[in-house]
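Participant: Below is the structure, and that's it, no one-letter string:
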């Protein structure tokens, strides 16, 4: 009897875990706002980013898209900032070029 309870609990835990992995985001897939952006043009911010720049400024963008010790675009699934957005044209400086700190100038809301 005890083995059946343990087996049932284990099966339930595995089923719930698989469901969590399959549906990680919990939200339906959104339309790609950059589908019609011409090659070489700055990408648009996705709808889920509405008001984010106004609230957080460039540091909010840098937190997910920048190269620093706390944020890594590869881990968050975010697009990394291009090298020309950094001081001296290199992400190794981990400092934004001041000419690129008004993100919404080029990256408007999609």
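Facilitator: That came through fine. Since this is a predicted model, take the numbers as computed values, not measurements.

Participant: Let me see the confidence value for the spatially most central residue of the chain.
Facilitator: Geometric centre of the chain, nearest residue: residue 78, 3.5 Å, by Cα atoms, centre = their mean. Confidence at residue 78, expressed as pLDDT, is 83.

Participant: I'd assumed residue 64 was in contact with it.
Facilitator: Yes: applying Cβ atoms under 8 Å, one finds residue 78 in contact with residue 64, separated by 4.4 Å. From N, CA and C alone the C-beta is placed, and that goes for glycine too.

Participant: so where's the protein uncertain?
Facilitator: By pLDDT under 70, the weakly predicted segments of the chain are 6-30, 70-72, 74-75.

Participant: where do the helices sit along it?
Facilitator: Assigned by DSSP state H, the chain shows helices spanning 2-22, 52-65, 73-76.

Participant: need the contact list for the residue nearest to the centre of the chain.
Facilitator: 64-65 (Cβ atoms under 8 Å, 6 or more residues apart in numbering).

Participant: what does the one 5 residues further on give?
Facilitator: In this structure, residue 83 makes contact with 89-91, judged by Cβ under 8 Å, 6+ apart.

Participant: now those in CSV, with neighbour count?
Facilitator: Output for the contacts of residue 83, formatted as CSV (neighbours: other Cβ atoms under 10 Å):
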residue, neighbour count
89, 11
90, 12
91, 18
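
Participant: sorry, back to before: ok, the residue nearest to the centre of the chain to residue 60 distance?
Facilitator: 12 Å (Cβ to Cβ, to the nearest Å).

Participant: returning to what we had before: now the contacts of residue 83 in a markdown table, please, with extra columns for distance to residue 3.
Facilitator: Below are the contacts of residue 83 laid out as a markdown table (distance: Cβ to Cβ, whole Å):
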| residue | distance to residue 3 |
| --- | --- |
| 89 | 64 |
| 90 | 60 |
| 91 | 55 |
